[in-house]
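In: the sequence and its predicted three-dimensional model are supplied below.
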Amino acid sequence: MTIPLDAPAWLTRVGVFDLETTGVDVTQDRIVTAHVGVLDRHGRELAARDWLADPGVPIPDGAAAVHGISTEHARAHGRPAAEVVAEIVHALRALFAQGLPIVAYNASYDFSLLAHEARRHGISELEAPSPVIDPLVIDKAFDRYRPGKRTLTIVADHYAVLLDDAHQASADAVAAGRVALAIAREFALPRSAAELHTRQIGWARHQAASLTDYFVSIGRIEPDEPLDGTWPVRG
């Protein structure tokens with residue numbers, strides 16, 4: 001992957017982060033697997049750490065079918081959830097302290113669920129994590145009218161990024177990072193990661209409002225049930 005010489009300097013190195021969990025409720029569901037790594041400007045992984053947790057609750061069959069981790073496997077091979085959560089938070093905090101932006105696809109899901117897990121286990125959560133790069137939010141902002149779904153698998157394919165083993169935390173994290181690099185190659189992104197972070201806050205809010213309007217129009221939700229566009233951490 002070749003990045004233009006005039007690309008933003010922050011693309012020299014980026015962190016990557018992904019969770020696989022027991023479900024999609026950021027307030028109630030738990031971490032099962034996680035990956036935190038660092039990519040260079042060409043998408044090569046320079047460092048990586050993986051975790052398998054025993055979430056302390058049964059893993060629903062539907063979730064296990066997605067990521068391949070059963071309750072029995074997690075109980076037999078996973079580490080205590082509190083230890084895993086603490087180490088993930090520490091790893092991310094260390095990357096932010098180095099000034100690295102962290103890429104997470106649909107970041108408000110991963111960072112929100114991690115925040116609730118930290119509170120659940122009495123761990124000091126990340127305070128206003130920044131800068132975060134969310135390829136989902138950016139792709140929607142720069143290519144708003146492209147038809148089709150925006151799952152990581154589909155968006156990775158659109159940007160010619162190989163994604164084997166989708167829904168494995170390591171594969172998804174690395175693919176998301178490479179998608180971010182591909183987007184930076186195709187579109188003129190802000191020069192600083194801080195500015196890009198700030199713009200994503202507004203883009204995410206606008207995207208949630210637009211999706212709310214659409215869902216209301218098809219009767220999927222009521223007008224008084226707007227989608228939460230807070231980014232990158234929902235309340």
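Out: Yes, it's here.
In: what are the C-alpha coordinates of stretch 113-130, in CSV please?
Out: This file holds the C-alpha atoms of stretch 113-130, laid out as CSV (Å, rounded to 0.1, in the frame of the first residue of the first chain):
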residue,chain,number,x,y,z
LEU,A,113,-18.5,-1.1,25.6
LEU,A,114,-14.9,-0.9,27.0
ALA,A,115,-15.9,2.1,29.2
HIS,A,116,-18.9,0.2,30.7
GLU,A,117,-16.7,-2.8,31.3
ALA,A,118,-14.1,-0.6,33.1
ARG,A,119,-16.9,0.8,35.3
ARG,A,120,-18.2,-2.7,36.0
HIS,A,121,-14.9,-3.9,37.3
GLY,A,122,-13.8,-0.7,39.1
ILE,A,123,-11.1,0.2,36.6
SER,A,124,-10.2,3.8,35.7
GLU,A,125,-11.7,4.2,32.2
LEU,A,126,-10.2,6.1,29.4
GLU,A,127,-11.0,9.8,29.8
ALA,A,128,-12.2,11.3,26.5
PRO,A,129,-10.1,9.0,24.3
SER,A,130,-8.5,11.0,21.5
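In: can you pull the buried residues of that stretch?
Out: By 16 or more other Cβ atoms under 10 Å, the buried positions in stretch 113-130 come out as 113, 114, 115, 116, 117, 118, 121, 123, 125, 126, 129. Every C-beta, even on glycine, is put in place using the N, C-alpha and C of the backbone.
In: pLDDT of the helix or strand containing residue 19, averaged?
Out: Per DSSP states H and E, residue 19 falls inside strand 13-21. Mean pLDDT, strand 13-21: 97.
In: would CSV of the buried residues of stretch 113-130 with secondary structure, pLDDT and distance to residue 174 be doable?
Out: What follows is the buried residues of stretch 113-130, written out as CSV (DSSP: H, G, I helix; E, B strand; the rest coil; pLDDT from 0 to 100; distance: Cβ to Cβ, whole Å):
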residue, secondary structure, pLDDT, distance to residue 174
113, helix, 98, 20
114, helix, 98, 18
115, helix, 98, 23
116, helix, 98, 25
117, helix, 98, 22
118, helix, 98, 24
121, coil, 98, 27
123, coil, 98, 26
125, coil, 96, 25
126, coil, 97, 21
129, coil, 98, 20
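In: of those residues, closest to residue 28?
Out: Closest approach to residue 28 among these (Cβ to Cβ): residue 116, at 7.9 Å.
In: tell me how many other residues crowd the residue lying closest to the closest one once chain neighbours are set aside.
Out: Excluding its sequence neighbours, the residue lying closest to residue 116 (Cβ to Cβ, 6 or more residues apart in numbering) is residue 27, at 5.3 Å. Residue 27 has 12 neighbouring residues, counting by other Cβ atoms under 10 Å.
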